[in-house]
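>>> structure of the sequence below:
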Amino acid sequence: MRFSGADSQYRYKKVEQELSKHIDAGDLVPGDKLPSLRQMSSTLQVSISTISHAYEELEKRGLIESRPRSGYFVRSEFRRIPTPEIKITQKIEPRAVTKNKLIQTALETVGNKDLLPLGVVCPCNELLPTRQLAKIMCSVIRDNPMETAGYEMIHGNLDLRRHIAFRSVDCGSNITADELLITTGAMEALYISLRTLTRPGDLVLIQSPSYYCFLQLVENLGLRAIEIPSCPDKGINPDRVAEITKTFDIKACIFSANFNNPDGSLTSDRRKQEIVKILAQNRIPLVEDDVYGDIYFGDSRPRTFKSYDRDGRVLLCSSFSKTIAPGYRVGWLAPGRYLEKALEIKATTNVSCVAPTQMAIARYLRDTFYDKHLKKLRFAMKEQMNKMRTEIGLSFPEGTKVTNPKGGSVLWVELPENIDGVELFFKAREEGIGIVPGIVFSPQDVFSNYIRLSSGSLWSAEIQTGVRRLAELAAGL
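Just a heads-up that it's a prediction; the model follows:
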C-alpha cells in the first residue's frame, strides 16, 4: 500500500479498510498480533498518528483489541462470517404472486420516523445534498414562476433528459434525450414497462431473490412469475436464462444486474452481454432496474444490460432516489423500441411528472455537484456496510451468513434454519427496529430464515445498539 498526498484526508480510513479486508479474508485470524504503530508507519510510509487513528477505528468496530504493553491483536471473539450460497428454489414452474399483504406490512416502515431504519433502502439525510437542493429549488421557483406552476412535457423536462443522456455514457448506454421518459421514481418506470410489454396471465422471468415491490407489481398486474436463482457472488447465470426461455413462453424479464436488492449481487459485464444476446435471439424484452448502479465500491461503474442492446428490447429503469433525493421522486425510463407505447401509458397514468423537482435536479446536475457528491456517498456507504457486517459477525447467532456486496446499500442475512424471519420482523418492530423479512423477496417460501438489512444510515451508537438488540432477538428465537 502507498498513499499519495491527495488522499491525506482519508489515509487512516484506507489503512483501516485494508486491514479490515485482510481480517475478513482470514489472512489475519483471531489472536494474531498486528504490527506495531512504528513498524506499520514505516511499512506504509504514513505517520504514526495515521496508523494510531486507523487502529482506534478498528478497535471501535470490535475487530481488534489493545492489550497493555503487548500491542494490538485481532479480537478472539471475532469470527469470519460466510456468504450465503445460491438458494436452489423448488420446481421451476409459473407461480402466482400472493405476498401483497405481507409486503404492504413491510412497506409501512418507509417514512416511519419511530423505527430504526434498518429496513428502508435509502441513504440518510446526512448523506444527501439536502441543503444544496433546497437552495436550488428556491432559486428555480423564484426564477421560473410560470414554468414551475404549469404542466411539464409528457417526455419530461428537456434539460434534465439531456443531463441524464450525457451521464449514460458512464455505463455504456449512450442514450439520447429523445429516447428518455421522466417518471415518478423507478417504480413508475417499471410499471410503465410491464404495462407496455405484458397482459394479465403472461409469464415473466425474475431473479430470486428479487425486490419485493417487483413482486407486488407482478401480482397487481395479474402476471405469473418464473424464478431464476441469483448468486450473491456472481448474479444471474446466462445458461439458466437460456434453459428457461427454451422451455417457457416468457413475455418479459425483470432483472437487476448491478447490486440486486436484496442480495447485493453483481452480474459481470460478460454475463450481461451473453444474457442480452440470448434474449434478443428469442425476441424477449428485458426490463432492467439500475437504481444502484452509481453506488459502486470499485474503480469504475459497472455497465448496464442496455449498453449491449442492439435492437431496442432492453428497457432501462433508474432514478435519483438512492443518490440525491428520494422525496423528489425523479426517475427515468429508456424504453427503446417501445417508446411510443410507453408515452401513451404515461400520459394516461398521470400526464407528466412534477415540474419543479425535475428543474431542480437538472440544475443540480448542470452545476456539476453530482460526481463530487457520489464519491463521498460511495465512501460512506462502503464504510457503513463494513461496520454493519462486522457487528453481525460479532453479535448474531452461530451459523449466520451475510453477503459482502461490491456496491449498493443492502445486506442479505441468512439466519440459522430454525429462526423465522417473519417472526423476527414483528418482534423487532415491537422494539422500534425496522427490518424486512426474506420471505417477501420470492413467490415461494424459500427465504423464510432470511432478513434484509439496509446500511444507509450513518453508523452510530444507536445503530450499533439496534443491530445488537436484533441479534439478541434472533438468538431468542
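>>> shaky segments in this protein?
1-10, 76-79, 88-91, 97 (pLDDT under 70).
>>> quick test: name the residue nearest the centre of it.
Within the chain, one residue has its C-alpha closest to the average C-alpha position: by CA atoms, centre = their mean, that is residue 408, at 3.5 Å.
>>> quick one, what contacts that one?
Residues in contact with residue 408 (CB atoms under 8 Å, 6 or more residues apart in numbering) are 258-261, 264, 292, 295, 381. C-beta: built from backbone N, CA, C; applies to glycine.
>>> cool, and residue 392?
Residue 392 makes contact with 81, 400, 402, 411, 413, 453, 467, 471, according to CB under 8 Å, 6+ apart.
>>> top of the residues you listed by neighbour count?
Among those, the one with the most neighbours (other CB atoms under 10 Å) is residue 413, at 27 neighbours.
>>> which residues does the lengthiest strand in the chain contact?
Ordering each strand of the chain by length in residues (DSSP state E) puts strand 224-231 first. Contact partners of strand 224-231, identified using CB under 8 Å, 6+ apart, comprise 86-89, 92-97, 201-210, 215, 218, 236-237, 240-241, 244, 248, 250, 260, 263, 265, 442-444.
>>> for it, output the C-alpha coordinates as CSV.
As requested, C-alpha coordinates have been extracted for strand 224-231 and formatted as CSV (Å, rounded to 0.1, in the frame of the first residue of the first chain):
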residue,chain,number,x,y,z
ARG,A,224,-47.2,-15.1,-13.2
ALA,A,225,-43.6,-15.4,-12.3
ILE,A,226,-40.8,-17.9,-13.0
GLU,A,227,-37.7,-17.5,-10.9
ILE,A,228,-34.1,-17.9,-11.8
PRO,A,229,-31.6,-18.2,-8.9
SER,A,230,-29.4,-15.2,-8.2
CYS,A,231,-26.0,-16.0,-6.8
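>>> residues of stretch 242-255 that come out buried?
242, 244-245, 250-255 (16 or more other CB atoms under 10 Å).
>>> same question, stretch 141-160
Judged by neighbour count using 16+ other CB under 10 Å, the buried positions of stretch 141-160 are 141, 148, 152, 155-160.
>>> now swap in stretch 422-436 and tell me
Along stretch 422-436, the positions that meet the burial threshold by neighbour count (16+ other CB under 10 Å) are 422, 424-425, 427-429, 433-436.
>>> with adjacent residues omitted, what lies nearest to residue 405?
Nearest residue to residue 405 in three dimensions, chain neighbours excluded: residue 264, at 2.9 Å (CB to CB, 6 or more residues apart in numbering).
>>> the residue nearest to residue 126 when sequence neighbours are not counted - how many residues pack around it?
Counting by CB to CB, 6+ apart, the nearest residue to residue 126 once its immediate chain neighbours are dropped is residue 458, at 5.5 Å. Around residue 458 sit 16 other residues, with neighbours defined as other CB under 10 Å.
>>> out of the buried residues of stretch 141-160, list just those in helices.
141, 148, 158-160 (DSSP state H).
>>> how about TSV for those residues, with distance to residue 374 added?
TSV is the format used below for those (distance: CB to CB, whole Å):
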residue	distance to residue 374
141	26
148	27
158	24
159	20
160	17
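>>> quick one on the thing from earlier: element containing the residue nearest to residue 126, please.
Secondary-structure element containing residue 458, defined by DSSP states H and E: none, the residue being outside all helices and strands.
>>> per-domain residue ranges of this protein.
Described in terms of automatic domain parsing, the domain architecture of the chain consists of the residue ranges 5-74, 98-125+372-476, 129-370.
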